[in-house]
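S.K.: Need a 3D model of the following:
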Amino acid sequence: MNKAHSSTEKLFKQLLEEHQFQGGKKQKQNSKELLLKMVTEGHNFYYDRNNVTYIEVTDTQGGVSGSTYLIPIESDQFDRWLISEAHKAHNLFLDNHNLLKTIKVLVSAEAIKNGTPTSLHNRIATVNGAIFVDIGSNDRKVIRIDKHGWNVDNYKVFFKRHKEMAELPLPERGGNIQEIVEFMPPIPKRDRCLALSWLIASFFSEIERAFLLVEGERGTGKTTLAKLLKSFIDPAHGQALPYVDNVQSIAQILDHHCIPFIDNVTKISQSVSDLFCTGYSGASYSKRKQYTDDDDFIFNITGNIIFTTIRMTKPKSDFLSRCYKIETNMDDDTYRSRLLFEKKFETAKGKIFGAILDCVVKTMIEVEKSAPVTKFRTVDFDHYASCAAEVMGYGKELFWEARQHSEVIKNKSITDATPIILAVSNYLKCHGFRYCGPIGKLLQQLPKDLQISGDIPNTPKVFARRINEIRPELTAAGIIAIRHPNDSSGSRWEFLLKNDNLDENRELETFHEPSQQQSPINDGAELQKPTTDENNNSENKPVIYQNPFLLNENDIQSLSDDISANQISGVVSDLDEILGFDKK
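M.R.: The predicted structure follows:
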């Protein structure tokens with residue numbers, strides 16, 4: 001090829017890039033300038049804290065303006081929009097990728113320079129006291145909820161969309177919230193109250209929202225319950241997500257879902273547990289955009305999460321304190337036809353969703369009538385959830401009963417999953433709920449088989465260090481541990497197992513400031529108290545409180561069969577008198 005021909009070909013390509021042809025006639029205006037003018041005139045631009053830029057567009061059908069939404073300029077969606085608009089407005093056919101890329105760069109620069117900073121919402125937004133919910137449909141319809149009711153329309157509230165997002169059902173009026181019970185697994189009314197109250201309170205994105213932990217054996221309906229609740233607030237394709245022990249992967253999941261559903265969790269690492277706890281209060285997680293640059297990409301990790309588990313090993317108390325926990329159990333009617341279930345649910349879900357929105361409206365009104373009062377960490381969420389229970393007809397009394405039961409089974413899971421806590425707890429139960437003395441002597445009283453297996457340290461120094469490490473878990477299990485300064489006899493430890501039958505203030509006061517009349521309980525010592533027969537004749541027969549680890553299962557059953565309720569009551573009364581915990 002000669003140089004003249006090469007120069008002519010190069011010039012011809014340059015002309016093709018700068019001009020478009022229509023019916024064989026050359027456009028006089030540079031196509032790049034024409035497209036820039038079309039994009040920049042009449043459109044608003046935005047950017048977020050990751051410097052992701054957006055153009056605001058409006059759907060127009062039949063000459064009537066529809067929904068307004070944002071399109072990321074660096075996305076394929078922008079390419080499709082620009083090609084479509086160029087064809088409609090100027091009958092241009094854009095098939096030049098270099099030209100599209102150039103337009104993107106120029107428009108993004110314009111957005112960063114003159115655009116408006118923004119933050120896109122994820123499914124739910126609270127704006128000026130009203131709640132907006134993105135249905136997730138192609139027409140970009142949004143539900144608006146306030147104290148006067150709910151409505152579906154095109155509202156100018158910007159939401160981000162991810163590929164995982166699925167559509168919410170279109171709400172219908174005239175439904176009843178109790179219709180959802182037919183699609184729930186067979187759980188007690190108390191737990192249904194807690195689950196539905198959690199669902200209603202989760203619509204209030206301006207408060208810290210509790211996690212939901214559903215525990216049960218295989219086939220008890222825990223996954224069915226989780227999917228059902230998620231389908232009415234943040235449905236997704238695939239619904240359930242596997243647990244991944246990677247902080248960055250979990251951060252991305254939390255950023256992409258308003259309410260993620262993580263299925264079959266068995267163990268959560270400390271780093272991921274910390275990320276969950278941070279996200280509960282609303283936080284961010286940043287990562288490098290590329291390994292070759294210093295720019296960061298920031299994930300938003302606010303919101304609540306649904307977890308299911310058969311049994312969680314070594315659960316973290318900080319994580320559990322932010323959870324509502326429900327247990328599902330096997331039932332004859334647990335297994336149902338999935339085909340019939342889905343067919344019936346498809347028919348009923350519109351009215352059920354409308355009834356849920358009705359409850360959200362009534363909860364907004366009920367919340368203003370009372371103040372948050374709770375002893376649990378999830379204070380604000382408990383307030384909204386208890387009001388939701390009231391408007392659904394369950395009542396606040398049943399809600400608080402369910403909430404207390406949730407705490408009990410969470411604390412039990414901590415005790416059962418940690419051998420050292422279980423051993424100390426059982427020892428204290430059999431020794432007056434309290435121990436005072438060297439930690440080495442306490443260690444001697446704990447089961448030797450657990451020390452041999454490595455579940456409990458076998459030296460006092462390591463044992464003391466382990467107690468300090470699991471102090472939050474001990475507290476959650478109702479055990480208070482205090483190490484006193486060294487004296488002439490060495491370091492002294494005190495352990496107290498909190499008893500619900502004792503006044504909490506008196507209990508702590510006695511524990512921290514033992515009176516001179518009280519004798520601290522030496523570890524390993526047996527409590528002795530004369531028994532009294534029915535004729536009030538005192539006998540010098542000591543009541544021996546043995547370590548339960550020294551008894552086998554048959555011995556314990558035999559003892560429990562022989563002890564009457566009156567004898568048990570008498571023993572408890574005697575313990576109170578010995579320890580100075582008598583109520584006056």
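
S.K.: pLDDT averaged over stretch 371-380 - what is it?
M.R.: For stretch 371-380, the mean pLDDT works out to 85.

S.K.: Just the C-alphas of that stretch, formatted as PDB.
M.R.: C-alpha atoms of stretch 371-380 as PDB (Å, rounded to 0.1, in the frame of the first residue of the first chain):
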ATOM      1  CA  ALA A 371     -41.500   6.500  75.200                       C
ATOM      2  CA  PRO A 372     -38.800   3.800  74.700                       C
ATOM      3  CA  VAL A 373     -38.300   1.800  77.900                       C
ATOM      4  CA  THR A 374     -36.300  -1.400  77.800                       C
ATOM      5  CA  LYS A 375     -33.300  -3.000  79.500                       C
ATOM      6  CA  PHE A 376     -32.000  -4.500  76.300                       C
ATOM      7  CA  ARG A 377     -29.500  -3.100  73.900                       C
ATOM      8  CA  THR A 378     -32.000  -2.700  71.000                       C
ATOM      9  CA  VAL A 379     -33.800   0.100  72.800                       C
ATOM     10  CA  ASP A 380     -35.300   2.100  69.900                       C
END
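
S.K.: Next, the buried residues of the host helix or strand of Glu390.
M.R.: Element membership for Glu390 (DSSP states H and E) is helix 379-392. In terms of neighbour count (16 or more other Cβ atoms under 10 Å), helix 379-392 has its buried residues at 380-392. No exception for glycine: its C-beta is placed from N, CA and C like everyone else's.

S.K.: Rebuild the residues you listed as TSV, extending it with distance to Leu196.
M.R.: Shown next, in TSV, are those (distance: Cβ to Cβ, whole Å):
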residue	distance to Leu196
Asp380	18
Phe381	14
Asp382	15
His383	16
Tyr384	13
Ala385	9
Ser386	12
Cys387	13
Ala388	7
Ala389	8
Glu390	12
Val391	11
Met392	6
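
S.K.: Closest one to Leu398 out of the residues you listed, please.
M.R.: Ala389 (6.6 Å; Cβ to Cβ).

S.K.: Let me know the secondary structure of the closest residue to that closest one other than its chain neighbours.
M.R.: The shortest distance from Ala389 to any non-neighbouring residue, by Cβ to Cβ, 6 or more residues apart in numbering, is to Phe399 (3.7 Å). Classification of Phe399 by DSSP: H, G, I helix; E, B strand; the rest coil places it in helix.

S.K.: go on, the one 10 residues further on?
M.R.: Here Ile409 takes the helix state, with states given by three-state DSSP.

S.K.: What helix or strand is Pro472 located in?
M.R.: helix 471-476.

S.K.: buried residues in that helix?
M.R.: 473-474, 476.

S.K.: Just give me the closest of those to Tyr46.
M.R.: Relative to Tyr46, and with distances defined as Cβ to Cβ, the nearest of these is Ala476, at 44.6 Å.

S.K.: So, low pLDDT: which residues of this structure?
M.R.: Scanning the chain for pLDDT under 70 picks out the ranges 1-30, 60-65, 282-297, 331-336, 449-454, 487-490, 499-584.

S.K.: Pick the one among the buried residues of helix 379-392 closest to Pro447.
M.R.: Asp382 (38.2 Å).

S.K.: Surely the closest one touches Ala371?
M.R.: No. Using Cβ atoms under 8 Å, Asp382 is not in contact with Ala371, being 11.8 Å away.
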